[in-house]
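>>> For reference, the sequence and a predicted model appear below.
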Amino acid sequence: MLMLTLSTDIMKISRVGAATAKKLKKLGIATARDLLFYFPFRYDDFSEVTLIRDLRSGARANVVGRIELIQSKRSPRKRMSVTEALVTDGTDVMKVIWFNQPFIARNLRVGDRVSFSGKIEDDYGVFAMKSPAYEKIFKKSPNSPLRQGYGGQVPFVKGENMDAVHTQGLVPNYHLTANITQKQIRFLIKRVIGLSEKINDWLPEETRENVRLLSLGDAIKKIHFPKSQKDIDAAKRRLSFDELFLTQIQSQMIREDAKSCVSAPVPFLEKETKKFVDSLPFKLTDAQRKAAWEILRDMRKDRPMARLLQGDVGSGKTVVACIAMLNAALSGGQALRRGSGQAVLMVPTEILAKQHYDSICKLFNGFDIKIGLVTRSEKKVNYESEIMNKGLKSKKTKKHNSLFIIHNSNIVIGTHALIQENVEFENLVLAIIDEQHRFGVEQRAALARTDARAPHLLSMTATPIPRSLALALYGDLDVSVINETPKGRKKIITRVVPEEKREKAYEFIRGQVKAGRQVFVICPLIDISDKLGVKSVKEEFEKLDKKVFKDLKIGMLHGRLKPKEKDGIMRDFLDNKIKILVSTSVVEVGVDAPNATIMMIEGADRFGLAQLHQFRGRVGRGEHQSYCFLFADSDSEKTLSRLRALVDNNDGFALAKMDLKFRGPGEVYGTAQKGFPEMKIASLFDYELIKSAKEEAEKLIKKDGGLDGYPALKEKLGEWRKKAHLE
Ligand code: ADP
Ligand code: MG
């Protein structure tokens, strides 16, 4: 028989054929080691079986019983199928309900013994489980009580006598695709679990002792085959620590590096700043003042600033950024070669870049500041007359050249085209990134790229990042928060609109347009798709243009239009020529259209809460009462309760937190994208563990900056960096 080792190919493990191996490879499992590191995401607790008569609604429970009745029917109104079963264990009867899984009525038959695990609800006086985990139980012993019927007897006690393999004790559940079953993967992991003892623990002994963690081998064994919840907790704690610790080691190393980095100190120009603030058509909020001051204070130092400016949509981050840019642009820049300093503002979309350019040019009207715009399709500057005076008129092509703009402007606004142009700023003292969660780490690094001198870095986001998450993702980042919106804004009235009230919503829209207002309609897709029922921009545009609002001018906006077309449409919308704009999520970030009062979102259940909140933030920017109408493709209770969170909540922070629960940080913060380490198991809300990971990392890097005394850790860090695309 073959000796299994950690690097044994899964093909060599008995019962794994080529087809299964291929499927496993899709999950990233190629060796025995990969299997061990494929962690479950959930456990079904079958260690306690509750009698139906002892159930309590609201609690989770495991019930084992016999199916008395099972049937599937279609619910015509809701366009779905409902499967209902009655189950008894001899003490009472329980109802089990599944939605849209008609095949269950073929799998389970009257008389089958089944083990169920799920939440108990009260269904008109009868206990009910909705969509529980279940497993048919087969008995091998002919004498088992199951075979003997159980007229009134208590049939099962604490899972004894059950032959269930997959519904006994704490049973791990793995994220699976590619037609691998839970049972298959459990079987395979069981085959190799003995190898966990051979795993080399890369965590320094001292760290393990300080934080009181399991050894790696132990943790692996317990994560797959726990005997108790305590086992699971201890294993998770060790494995979470690993992920957090690596992130912290990485950021400690970057911090050490940054210590040797200098940046040009930007003195606070009191007079000019005051002049700018006084020129604004509104009074800054206290929160804006405080944030601006924190930023300016950082920029006065000769160490690079690393600050995150966090503020809900409409809280007025742009103006704060302008104050920072003003000071940077007018800073003499002692260390700089040419005249004054430069600031760059990088944004995620062309539309937003353009809009920022226009509004920032206006804001800096009375100042001698040269501003340039660099996107893929458009390059321009606000100092053309000056160029003409200098006789550069003939060099028209050059004027439009990014190199020229980047070398001659005090403030450059642009998209990631700025990075692709590969032009180096000569006097960059401040780099600002708007809606930073959309950019990967390496893009931020590219902007900040200059030899020994690093610019001050300010990231701005409307998607709030909890302190613990910022710490986990960025090591340590200073955070300024604008926690107050300008006065006088009306609350946006939000409604989840059922399909039968659609016509009414259209009527309402017609009334608003008549009163001079404008409307956004957001759809999840561009093209009509084969995904039945998912609304697309093109389809909705046709419908509204040809049928519903024949008499109104409708526009269509999506990422596949040419930049020129996009601009034209956006301009027509801002000029109130287009009344209704049907769009994909491209309008999500930043776009400012104060005359728009209705945000109508199709397929709202397909977006995250934080994103929906961003959409909603596109209206309510002017003086008029604004509305947000949410249409969902599904009317399941889960969907509705998620969307209702938007109706009840106007706080982006709270919504982002809920989002994290529903969808996880990868989706919400784009951490799944390149450049962010993947957290498979660590909770980004485990503040205590994050803190100890940080402290341990600090200690270790202080002691041995190159990690030369810890070769196993060093090797692990290398692998991890590769995975996170950090090298
Ligand atoms: P966001 O934080 O979402 O980027 P913006 O910077 O785009 O918000 O600001 C939203 C709108 O609020 C802009 O039209 C801006 O001019 C306006 N604004 C910013 N600060 C104030 C303020 N203190 N009082 C009134 N309006 C303000
Ligand atoms: Mg903004």
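Yep, it's here. Numbering: from 1, shown residues only. Ligands and ions are numbered 1, 2, ... in the order given.
>>> where does the stretch 201-350 of the chain come near ligand 1, residue by residue?
By Cβ under 6 Å from any ligand atom, the residues of the stretch 201-350 of the chain that approach ligand 1 are 282-285, 288, 311, 313-319. In short, each C-beta sits where N, CA and C put it, glycine included.
>>> Ok, the chain next?
Residues of the chain lying near ligand 1 (Cβ under 6 Å from any ligand atom): 282-285, 288, 311, 313-319, 462, 486, 590, 592, 621.
>>> From those, list the buried ones, please.
284-285, 288, 311, 313-319, 462, 486, 590, 592, 621 (16 or more other Cβ atoms under 10 Å).
>>> Out of those, which comes closest to Ala632?
Checking these against Ala632 by Cβ to Cβ gives Val313 as the nearest, at 21.7 Å.
>>> In the helix or strand harbouring Glu715, which residues are buried?
Secondary structure assigned from DSSP states H and E places Glu715 in helix 711-723. Buried residues in helix 711-723, counted by 16+ other Cβ under 10 Å: 713, 716-717, 720.
>>> before we move on, the earlier item: just name the lowest-scoring one in the buried ones among the residues of the chain next to ligand 1, pLDDT-wise.
The lowest pLDDT within these belongs to Gly590, with 59.
>>> give me the residue from the stretch 401-550 of the chain nearest ligand 1.
In the stretch 401-550 of the chain, no residue comes nearer to ligand 1 than Pro486, which is 3.2 Å away by Cβ to the nearest ligand atom.
>>> Spit out the contact partners of that residue.
Contacts for Pro486 (Cβ atoms under 8 Å, 6 or more residues apart in numbering) come out as 282, 285, 314-316.
>>> circling back to that earlier point, just the ones of the residues of the chain next to ligand 1 in helices?
Using DSSP state H, the subset of the residues of the chain next to ligand 1 located in helices is 288, 317-319.
>>> which secondary structure elements does the host helix or strand of Leu308 contact?
For Leu308, the element it lies in under DSSP H and E is strand 306-311. Packing partners of strand 306-311 (3 or more Cβ pairs under 8 Å, 6 or more residues apart in numbering; DSSP states H and E): helix 286-299, helix 317-330, strand 456-461, helix 467-474, strand 478-482.
>>> Mind exporting the C-alpha coordinates of the helix holding Glu715 to CSV?
The C-alpha trace of helix 711-723 is given here as CSV (Å, rounded to 0.1, in the frame of the first residue of the first chain):
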residue,chain,number,x,y,z
PRO,A,711,12.8,30.2,8.3
ALA,A,712,9.4,28.4,8.4
LEU,A,713,7.6,31.7,9.0
LYS,A,714,9.6,33.4,6.3
GLU,A,715,8.7,30.7,3.8
LYS,A,716,5.1,30.8,4.8
LEU,A,717,5.0,34.6,4.4
GLY,A,718,6.5,34.2,0.9
GLU,A,719,3.8,31.8,-0.1
TRP,A,720,1.1,34.0,1.4
ARG,A,721,2.4,37.0,-0.5
LYS,A,722,2.3,35.2,-3.7
LYS,A,723,-1.3,34.2,-3.1
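>>> Quick check: mean pLDDT of that helix?
Taken as a whole, helix 711-723 has a mean pLDDT of 87.
>>> now the strand holding Leu308 and helix 286-299, what's the angle there?
170 degrees (axes from the mean of the first three to the mean of the last three Cα atoms, to 10 degrees).
>>> partners of strand 306-311, with directions?
strand 456-461 (parallel), strand 478-482 (parallel) (DSSP bridges).
>>> Determine how far it lies from the middle of the whole chain.
Offset of strand 306-311 from its chain centre (Cα atoms, centre = their mean, to the nearest Å): 18 Å.
>>> what does stretch 567-584 give?
Relative to its chain's centre, stretch 567-584 lies at 29 Å (Cα atoms, centre = their mean).
>>> buried ones in the helix or strand harbouring Leu69?
Using DSSP H and E, Leu69 sits in strand 60-75. Neighbour counts over strand 60-75 (16+ other Cβ under 10 Å) mark 61-67, 70, 72 as buried.
>>> Now do the domain split for this structure, please.
43-173, 270-300+316-461, 493-649 (automatic domain parsing).
>>> what's around the closest residue to Ser583 other than its chain neighbours, how many residues?
With sequence-adjacent residues excluded and distances taken as Cβ to Cβ, 6 or more residues apart in numbering, Ser583 is closest to Leu557, at 4.1 Å. Look at Leu557: counted by other Cβ atoms under 10 Å, it has 23 neighbours.
>>> List the residues that contact the closest residue to Leu24 other than its chain neighbours.
Spatially, and ignoring its direct neighbours in sequence, Leu24 is nearest to Ile10 (5.6 Å; Cβ to Cβ, 6+ apart). Neighbour list for Ile10: 16, 21, 24, 29-32, 34-35, 188 [criterion: Cβ under 8 Å, 6+ apart].
>>> now do Ile701
Counting by Cβ under 8 Å, 6+ apart, Ile701 touches 249, 252-253, 256, 707.
>>> same question, Val114
Val114 neighbours (Cβ under 8 Å, 6+ apart): 64-67, 87, 108, 134-137.
>>> mind checking how far the host helix or strand of it is from the chain centre?
Assigned by DSSP H and E, Val114 belongs to strand 113-123. Remark: strand 113-123 is offset 32 Å from the chain centroid, using Cα atoms, centre = their mean.
>>> What's the first helix or strand after that strand?
Scanning forward in sequence from strand 113-123 by DSSP H and E, the next helix or strand is strand 126-130.
>>> Now the element after that next one, going C-ward?
strand 133-136.
>>> Identify each buried residue in that next one, please.
Using 16+ other Cβ under 10 Å as the test for burial, strand 133-136 gives 133-135.
>>> cool, and stretch 42-57?
43-44, 46-47, 49-52, 55.
>>> Mean confidence (pLDDT) on that stretch, please.
For stretch 42-57, mean pLDDT is 82.
>>> Check stretch 132-151 too.
The model assigns stretch 132-151 a mean pLDDT of 51.
>>> Now do the strands in the stretch 151-300 of the chain.
169-173 (DSSP state E, counting those that start in this stretch).
>>> whoops, the stretch 601-727 of the chain was the one
Using DSSP E, counting those that start in this stretch, strands in the stretch 601-727 of the chain cover 627-630.
>>> Contact partners for the residue in it that ligand 1 sits nearest to?
Nearest residue of the stretch 601-727 of the chain to ligand 1, counting by Cβ to the nearest ligand atom: Arg621, 5.7 Å away. Arg621 sits next to 314, 592-594, 596 when contact means Cβ under 8 Å, 6+ apart.
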